Every structure is written in C-alpha cells, then in structure tokens.
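> Model the structure of this input:
(4 chains)
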Number of protein chains: 2
Amino acid sequence: MPRPRSVSPDRLAQATLAVIDRDGLAGLTMRAVATELGLTTMAVYRYVADRDELEALVVEEVLRTLDTSPPAAEPWTEQLRILTERIRAAVGDHPGVVPLLVSHRHRSAGVLRWSETVTGVLHAAGFTGPRRVVALRGLLSYVIGALQLEHLGPLSGSGTVTISELAGHPHLAETARHARGVGADEEFAGGLSIMLRGLAT
Amino acid sequence: MPRPRSVSPDRLAQATLAVIDRDGLAGLTMRAVATELGLTTMAVYRYVADRDELEALVVEEVLRTLDTSPPAAEPWTEQLRILTERIRAAVGDHPGVVPLLVSHRHRSAGVLRWSETVTGVLHAAGFTGPRRVVALRGLLSYVIGALQLEHLGPLSGSGTVTISELAGHPHLAETARHARGVGADEEFAGGLSIMLRGLAT
DNA sequence: TCCGTAGGTGTACGTCATACTCTAACAGTT
DNA sequence: AACTGTTAGAGTATGACGTACACCTACGGA
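The predicted structure is shown next:
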C-alpha cells in the first residue's frame, strides 16, 4: 500500500562502506552517508534507528562474504589458522572498519558465526570446559589486537615521532630496524603461529 | 614574571582521569574537565593544545606507576608474564582508558618503556631479528586485544542480546555456559599462558 | 609604582546526532 | 477516476561538542 523504499538496506550498507573507505572512519557521518545516497540526512533514519545501528550494518556488510565453513585442512591448528586469516582478509580492504568491528563484535552475526566454527574446531580437537573458553578468548584477543596494531598503527601521529622517541630505548630501536624488513602479512601470520603453537602444547 | 599557573599538569591529568572513571570515556569532554578543575572550558587550552593531547596526558597518568623494571624471576617466560600482568593491573582500575591506550600507544612513553623492557627480555632469551619483531608484536597484540575484550565486553549492548543470539550456535552456547565459571583474571592469565607457551616452543 | 607577559573569561562558530513537523507519493478501494 | 490511509522523504530546530578569537586581569620584576 505505502510508498516503496528507494534504497535497499544493502545499498545503504555499501554506501556507508564507500564513505569509510574514501574518508576514513572520521568521515563517517549521517550527512555523508545521506549525500552518498542522494538523500537528506534525516531520510537515513528511515532505515536505521541511529548511528550505532548504521555502524553495525557496515560491520555486517564487511563480514558478509566471510567464509565460516570449517576448512578441510588438517591438523586442527591449520584449520584455525585458515579461519583466522579469513577474518584478516575480509577486513583487509577496509581498515577504517576495524574499530567498528571491535566495538560491535558482540552483536555481529558474522563474528558469532566465526566463533561458532572456531569453537567447533576446538571441540573436535579435544578442548572442553574452561580450556575451550580460554582458547577462544585468547585467539579472539590476538585477532582483535593484531588487526588494530596493523591498521591503526601509523595512522594517528606520524611514525617519525616514535623513531625519535626511540633514542633512549636501544633494544627497541634495534627491533624497529628489523621491523622494516618484516611485512604485515608475515607479522600477522607469525604472531598467529605463536598462538597456535601455544594452543597445541 | 607572568601570572603563575593555578593547576599543575599532574592535577589536570588526575582531574581528567576522575571524569573518565566517573562518567566513562563518553563523559570525557573539555567542558567536563574544566568544571572538574573549577575553570572555564577554554582555560584548559592553556595546558593542552587540544583534546588529543589531553588524552595522551591521561594515558601517561595511568601508566605513570607502571613498573617496567625487569622482573627478577626465572625463566624469561615468567618475566614476560609478570610484565604483562603489570600492564593489566595498571589499567584495571580505569577501564574507560583502554580505548585511549590503544589509540595513543605510539606516542606513549609508558608503553615505550614497557616495550623496551620486554624487548630486552626477548633479547636475553635469544630472540633476534625478525623473530623478536614478531614476538613483541604478538605479545602486544594479545595484550591490546585482551584488555579490550575484557573492558569493552559487556558495555556496549546488553549481554542478554548475545545470549539470545546464541540459539543457532550450539558449540558457542555451551562454551558461554562454561565461561561463567571462568573469572576475568584466569581468562587473561590463561590466554597469556598460551601465548608464552607458543613463544617458548 | 608601573608594565609586560601569560593565565583566565566570554562569546561565537561550525559540525555533529537527532527530535519534531510537514509534505507528498504510492496502492488499494470505491 | 476520485478518495484515503500509510509511510518515505524534506525541512527545520536543538543541544552538545571542539575550539578559534578577542578581551580582561592578576602577577612579579623593574
């Protein structure tokens, strides 16, 4: 009976993501999203209750294509590695979304799906009770932290500041030198390997 | 020659921290801090250039008492455990500061001091070159992530939502049941143990 | 006693999220 | 073909935020 909606929830999510990818998370405003869609600011509120809901929407959009089916690989540590790398890959193209992923992780269906699969793998690997709780949280902690270090890293404040501050920190300075030779991929994978080795012992 | 300052940088930092502890990070505004000090909003700008600098100040305040001297314990994994637990303890009383810790970690002298000590321990344990880079970043990732999971956890959005969402996720639901029996202390320590075991292998 | 400097105040602006009110487009019914 | 109820979208307004700017004023050395 009533007037049909002119934009789909999907288009809304994509427009929001486009704004974030172009102007960063700081550029995400209700106005910007509305402009992106060719609407007035308030029209956006026909589709989401508030900014918070819009953020949740964009997180889901990013995780939509996240494959959470159990990998066929063996052993189980390899399955976990693949699952974890998949999250990183999904977020990789949209660094601005990382802080949103952190703050909306609770209500995110995508994160829930991922956690379910991971928990299943842990179950099959013999993790039960508190051990499984700790394992899941530990893995999740690493992922959350690593993504933030990777993407929020050099953003706020110039990296040069850190270098000059390194004067009184010899060990750190030397480590920083070596860090230039280590790519983000290896860094993430390396930390993940540490985590997985710890789980396997 | 000029008029003396009526508040010390220290008092400013403490006032800011008081605001955060009382009203949360969302309550941190230049006005709130000014009121806390009995000043007008703009007077605060005599002490900090902008809000960003005020945030950096409060992070440093929280980490001021952080003991970054190398622990006397053995083996080196135990040293790392103690160092990591110290950070958690320092932040523990001020959950609202956690997001600031994340975003200001680069310029934070406290984090730098801590990283230097950790790197030193890793050096003594035989970690060199890229291996040390990965180890430091991995540990830092875990700490950052774990603190956020712990403190940002049940805050945004009611935990009940998660429970209802758990319907289609049997493994996760069972894990959540067990999670109630696991305290935050054990959870953090347990994840840390996984990390350290992985480093030691 | 006076004066330059720096601390503190008052006011104002632009941007943000969002509440409220109004207009108008559409789908069914008569 | 006119009418009507429902809802999409526009317009306007509000209060909070960070902060620029111009001013006033208290102080200590001369």
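> Domain boundaries for chain A, per the record?
Under the assignment automatic domain parsing, the domains of chain A span A:9-62, A:76-200.
> which residues of chain A score low on pLDDT?
Within chain A, the ranges that satisfy pLDDT under 70 run A:153-164.
> And the helices in it?
Assigned by DSSP state H, the helices in chain A fall at A:9-23, A:30-37, A:51-63, A:76-92, A:98-104, A:109-124, A:129-151, A:159-165, A:170-179, A:184-200.
> Now render those as CSV, adding mean neighbour count and distance to B:Gly110.
For glycine as for every other residue, the C-beta is placed from the backbone atoms N, C-alpha and C. Formatted as CSV, these follow (neighbours: other C-beta atoms under 10 Å in any protein chain shown; distance: least, C-beta to C-beta, whole Å):
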stretch, mean neighbour count, distance to B:Gly110
helix A:9-23, 18, 31
helix A:30-37, 18, 36
helix A:51-63, 20, 30
helix A:76-92, 19, 28
helix A:98-104, 21, 22
helix A:109-124, 20, 31
helix A:129-151, 23, 17
helix A:159-165, 12, 12
helix A:170-179, 18, 13
helix A:184-200, 20, 22
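> out of these, which comes closest to B:Val133?
Ranking the helices of chain A by proximity to B:Val133 (C-beta to C-beta) places helix A:170-179 first, at 4.7 Å.
> That closest one packs against which elements?
Where contact means 3 or more C-beta pairs under 8 Å, 6 or more residues apart in numbering or on different chains; DSSP states H and E, helix A:170-179 is packed against helix B:109-124, helix B:129-151.
> can you give me the angle that helix makes with helix B:109-124?
Here the directions of helix A:170-179 and helix B:109-124 differ by 80 degrees (axes from the mean of the first three to the mean of the last three C-alpha atoms, to 10 degrees).
> ok, residues contacting helix A:170-179?
Where contact means C-beta atoms under 8 Å, 6 or more residues apart in numbering or on different chains, the residues beyond helix A:170-179 that reach it are A:162-163, A:166-167, B:112, B:115-116, B:119-120, B:123, B:129-130, B:132-133, B:136-137.
> ok, and of those residues, which contact DNA strand D?
When contact is defined as C-beta under 7 Å from any atom of the strand, those do not meet DNA strand D at all.
> re the thing from before, quick one: the helices and strands packed on helix A:170-179 as a markdown table, columns for distance to DNA strand C too.
Shown next, in a markdown table, are the helices and strands packed on helix A:170-179 (distance: least, C-beta to the nearest atom of the strand, whole Å):
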| stretch | distance to DNA strand C |
| --- | --- |
| helix B:109-124 | 23 |
| helix B:129-151 | 22 |
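> Export those as JSON lines, with columns for distance to B:Pro2.
Shown next, in JSON lines, are the helices and strands packed on helix A:170-179 (distance: least, C-beta to C-beta, whole Å):
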{"stretch": "helix B:109-124", "distance to B:Pro2": "28"}
{"stretch": "helix B:129-151", "distance to B:Pro2": "42"}
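> Can you say which of those is nearest to A:Pro4?
Proximity to A:Pro4 (C-beta to C-beta) singles out helix B:129-151 among the helices and strands packed on helix A:170-179, at 41.6 Å.
> does that closest one come close to chain A?
Yes - applying C-beta under 8 Å from any C-beta of the partner chain, one finds helix B:129-151 touching chain A at B:129-130, B:132-138, B:140-146, B:148-149.
> Which positions in chain A make contact with DNA strand D?
Within reach of DNA strand D by C-beta under 7 Å from any atom of the strand, chain A has these residues: A:1-7, A:39-43, A:46-47.
> What subset of those residues is buried?
The neighbour-count test (16 or more other C-beta atoms under 10 Å in any protein chain shown) applied to these identifies A:Val7, A:Leu39, A:Tyr47 as buried.
> just checking, the second one touches A:Arg5?
No - in this structure, A:Leu39 is not within contact of A:Arg5 by C-beta atoms under 8 Å, at 11.1 Å.
> Spit out the contact partners of the residue nearest to A:Leu196 when sequence neighbours are not counted.
The shortest distance from A:Leu196 to any non-neighbouring residue, by C-beta to C-beta, 6 or more residues apart in numbering or on different chains, is to A:Thr77 (4.5 Å). For A:Thr77, the contacting residues are A:Leu196, A:Arg197, A:Leu199, A:Ala200, by C-beta under 8 Å, 6+ apart.
> any idea how far A:Thr77 is from A:Glu186?
In this view, A:Thr77 and A:Glu186 are 18 Å apart by C-beta to C-beta, to the nearest Å.
> ditto for A:Leu17
From A:Leu17 to A:Glu186 the distance is 28 Å (C-beta to C-beta).
> For chain A, list the residue farthest from the centre, please.
What lies farthest from the middle of chain A is A:Met1; by C-alpha atoms, centre = their mean that is 40.6 Å.
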